[in-house]
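Visitor: Build me a structure from this.
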Amino acid sequence: MPHVLPANLLLITFDQWRGDWGDPQVPVVELPALAQLAAQGWTARRCYTSSPQCVPARLSWLTGLAPSQLGVTRNEPADLPADAPSLVRHLRAAGWHTALVGKTHWTSHDGRTDLDNNQPLLQALGFAEAQEVAGPRALQRLDCALTRAWEAAGVLGRQRADLQARYGGGRTAAAWEVRPSVLPLDLYPDCWIADQGLEQLQAMPSDQPWLLWVSFVGPHEPFDTPPPWHGHHLPNQLPPPQPTPPWLEQLPADCELRRTQASWAGQLSPAAIQACRADYADHLQLLDSQVARLLAALNQRADRGRTAVALTADHGELLGDGGMLYKGAFLDGAVRVPWIYRPPANSEGSGRGSSSTAPLPLTGLLQQTLAGLARGGGSGPLRQWALRQPGAVVEFGGELLLLRGPRKLALDRQGQPLWAVHLGRDPLEQTNLITAQPERWRWSPAWQQLRRWGRREWQRRSRPGWIWRRLSRASPEVHTLEPHS
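Guide: Sure thing, here's the model as predicted:
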């Protein structure tokens with residue numbers, strides 16, 4: 001049997017990129033770099049995050065644990081300890097050189113601090129090199145290499161004043177006002193991260209396998225896409241948001257979806273939503289161009305033939321679906337994310353241009369991808385693993401979402417059914433089958449099977465031994481406007 005060389009991995013991640021706007025097979029926006037990756041690799045068209053909010057989703061990325069195992073099921077201050085499980089630490093111990101550029105959010109972003117203070121933690125978690133950046137809201141107060149670049153260019157005060165004007169007034173229209181960034185293009189966060197990623201990519205070793213994780217902060221709001229991408233899309237050129245599900249108002253007042261929707265009541269005009277959607281589309285094209293730069297630089301490396309590329313996001317963005325922005329809901333816009341995996345060119349059984357339409361868990365995909373690097377990084381084992389999955393589970397604030405085939409089932413904090421939709425017949429999630437079709441809900445074998453799986457998952461995740469370590473205590477607040485992102 002021939003010796004299999006271990007594969008490198010360029011892992012590209014984003015903050016708040018919804019899956020249906022990152023599906024190259026049904027493009028909403030022209031994204032040539034993503035389309036190229038998909039044509040050369042394998043796409044999970046229904047990939048689901050572990051949580052519809054940043055902090056729990058990103059903790060799951062690195063640790064491979066469910067949010068409930070960490071005691072963090074919504075956005076709240078949490079610090080990952082140095083001895084936490086780490087998929088990257090395992091890879092480094094096996095001989096990979098590991099490097100990170102961009103956003104992590106594995107520590108609390110409350111208060112004022114310098115992210116460079118996290119270097120010992122990132123080393124303990126498995127990164128030989130790291131250049132950490134905060135998200136846009138936290139950049140109002142946190143320092144990092146990016147804010148020092150702003151300061152050196154004389155734009156730090158102006159940028160923080162702009163962020164304060166957008167976010168500092170609490171729940172005001174300024175938070176979703178569309179206007180270009182005040183920053184020069186090379187200091188716009190996603191362009192700057194791409195520049196640093198390119199430098200790091202060029203510096204990765206050629207005599208050992210490596211992992212380079214480039215973690216962009218976009219397309220997370222503010223809606224500030226700079227020229228030359230600003231204005232590429234007009235609001236009337238894009239599909240409208242999904243209407244508010246009529247069954248939503250029948251849900252208990254304290255369930256997460258009802259609370260999130262209530263917090264947005266009367267906040268957004270149709271014109272404001274369409275403007276945000278147009279700017280979001282502009283931002284996706286900016287990001288696609290940064291991906292193209294990374295891929296072009298990778299193609300110049302001598303080890304490009306044994307380098308895989310994976311692309312995904314932490315969660316989605318509602319973009320006006322149901323009258324809401326941001327995330328914090330089990331609707332598909334908030335929980336479905338892109339997943340594209342391009343295997344090394346010299347790997348066997350790559351299945352290029354193939355895809356899956358089954359619901360798959362993002363955490364599991366990341367685990368399997370990193371584990372497969374030792375076997376050469378081919379996508380065959382990843383696709384075989386996908387065929388064996390029962391579905392995906394998403395957690396938020398004590399509630400569970402289960403996805404199997406075209407069916408979605410949300411459970412409340414006591415494990416009881418809240419709502420259920422059939423995405424195959426109802427892709428806009430407008431019919432709650434529990435109330436609209438009670439006979440089908442009660443007697444359909446497929447729904448009975450999903451309910452049984454839901455009960456097992458609920459029981460498993462409720463056992464005392466399930467929690468690895470409680471990192472913080474859940475807050476009763478509704479964090480719709482994402483103060484910690």
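Visitor: Could you use CA atoms for every contact and neighbour count after this?
Guide: Will do.
Visitor: low-confidence ranges in this structure?
Guide: 1-3, 169-172, 348-351, 473-485 (pLDDT under 70).
Visitor: Grab the longest strand from it for me.
Guide: strand 210-219 (DSSP state E).
Visitor: centre of the chain versus that strand, how much separation?
Guide: A distance of 11 Å separates the centroid of the chain from that of strand 210-219, by Cα atoms, centre = their mean, to the nearest Å.
Visitor: Contact partners for the residue most central in space within the chain?
Guide: In the chain, the residue lying closest to the centroid (Cα atoms, centre = their mean) is Asp314, at 1.5 Å. Counting by Cα atoms under 8 Å, 6 or more residues apart in numbering, Asp314 touches 13-17, 49, 52-54, 57-58, 61, 337.
Visitor: how does it look with 7 Å?
Guide: Asp314 sits next to Phe14, Asp15, Gln16, Thr49, Cys54, Ala57, Arg58 when contact means Cα atoms under 7 Å, 6 or more residues apart in numbering.
Visitor: just these now: which is nearest Pro239?
Guide: Gln16 (18.5 Å; Cα to Cα).
Visitor: Give me the number of neighbouring residues for the closest one.
Guide: For Gln16, the neighbour count with other Cα atoms under 10 Å is 27.
Visitor: Might one say that it is in contact with Leu318?
Guide: No: when contacts are counted by Cα atoms under 7 Å, Gln16 is not listed as touching Leu318 (9.2 Å).
Visitor: now the helices for the stretch 251-400 of the chain?
Guide: 256-263, 270-298, 332-335, 362-372, 380-387 (DSSP state H, counting those that start in this stretch).
Visitor: Ok, which of those helices comes nearest Ala153?
Guide: Among the helices of the stretch 251-400 of the chain, helix 270-298 sits nearest to Ala153 (Cα to Cα), with 21.9 Å.
Visitor: So which other helices or strands are in contact with the closest one?
Guide: helix 32-40, helix 189-203, strand 210-219 (3 or more Cα pairs under 7 Å, 6 or more residues apart in numbering; DSSP states H and E).
Visitor: Distance from the chain centre to that helix, please.
Guide: When C-alpha coordinates are averaged (Cα atoms, centre = their mean), helix 270-298 and its chain have centres 15 Å apart.
Visitor: Quickly find the element holding Gln69.
Guide: Taking DSSP states H and E as the criterion, Gln69 maps to helix 67-70.
Visitor: Need the residues that contact that helix.
Guide: Here helix 67-70 makes contact (Cα under 7 Å, 6+ apart) with Pro56, Ser60, Thr73, Glu395, Trp466, Ile467, Trp468, Arg469, Arg470, Leu471.
Visitor: Mind listing what's buried along whichever helix or strand comes after that helix?
Guide: Toward the C-terminal end, the helix or strand that comes next after helix 67-70 (DSSP H and E) is helix 87-93. By 16 or more other Cα atoms under 10 Å, the buried positions in helix 87-93 come out as Leu87, Val88, Arg89, Leu91, Arg92.
Visitor: What strands line up against the next helix or strand after helix 87-93, and which way round?
Guide: Later in the chain than helix 87-93, the nearest helix or strand by DSSP H and E is strand 97-103. Each strand paired with strand 97-103, and its direction, by DSSP bridges: strand 129-133 (parallel), strand 210-219 (parallel).
Visitor: The last one versus helix 270-298: what angle between them?
Guide: Just to be clear, that refers to strand 210-219. For strand 210-219 against helix 270-298, the angle between stretch directions is 160 degrees (axes from the mean of the first three to the mean of the last three Cα atoms, to 10 degrees).
Visitor: quick one, strand 210-219 and helix 189-203 angle?
Guide: 170 degrees.
Visitor: what's the answer for the shortest one, then?
Guide: Computed by the same axes, to 10 degrees, the angle separating strand 129-133 from helix 189-203 equals 170 degrees.
Visitor: quick one: strand 129-133 to chain centroid distance?
Guide: That offset, for strand 129-133, works out to 19 Å (Cα atoms, centre = their mean).
Visitor: do stretch 395-414 as well
Guide: 18 Å.
Visitor: Tell me which residues are up against that stretch.
Guide: In contact with stretch 395-414 (Cα under 7 Å, 6+ apart) are residues 50-52, 67, 73-74, 255, 330, 358-359, 390-394, 417-424, 454.
Visitor: and with 6 Å instead?
Guide: Contacts to stretch 395-414, defined as Cα atoms under 6 Å, 6 or more residues apart in numbering, come from residues 51, 73-74, 358, 391-394, 417-424.
Visitor: hmm, which of those residues are the buried ones?
Guide: Of the contacts of stretch 395-414, these count as buried by 16+ other Cα under 10 Å: 51, 73-74, 358, 391-394, 417-423.
Visitor: okay, now His233: neighbour count?
Guide: 17.
Visitor: Please give me every residue in contact with it.
Guide: Ala278.
Visitor: where does it fall, helix, sheet strand or coil?
Guide: Secondary structure for His233, judged by DSSP: H, G, I helix; E, B strand; the rest coil, is coil.
Visitor: How about the one 3 residues further on?
Guide: Put simply, Asn236 is helix when judged by three-state DSSP.
Visitor: Tell me how far the spatially closest residue to it that is not a sequence neighbour lies from Pro52.
Guide: Using Cα to Cα, 6 or more residues apart in numbering and skipping residues adjacent in sequence, the residue nearest Asn236 is Gln274, 7.7 Å away. Noted for Gln274: a distance of 22 Å to Pro52, by Cα to Cα, to the nearest Å.
Visitor: follow-up on the earlier one: out of the strands paired with strand 97-103, which one sits most buried?
Guide: Most buried of the strands paired with strand 97-103, by mean neighbour count (mean count of other Cα atoms under 10 Å): strand 210-219, with a mean of 25.
Visitor: Give me the residues contacting that strand.
Guide: Taking Cα under 6 Å, 6+ apart as the rule, strand 210-219 contacts 8-16, 96-103, 135, 190, 283.
Visitor: so what's Met324 up against?
Guide: Here Met324 is in contact with Trp264 (criterion: Cα under 6 Å, 6+ apart).
Visitor: For it, give me phi and psi.
Guide: The phi/psi pair for Met324 (degrees, to the nearest 10) reads phi -120, psi 150.
Visitor: Against Arg277, how distant is it?
Guide: Counting by Cα to Cα, the gap from Met324 to Arg277 is 12 Å.
Visitor: Ok, Gln237 next?
Guide: As for Gln237, its distance to Arg277 is 10 Å (criterion: Cα to Cα).
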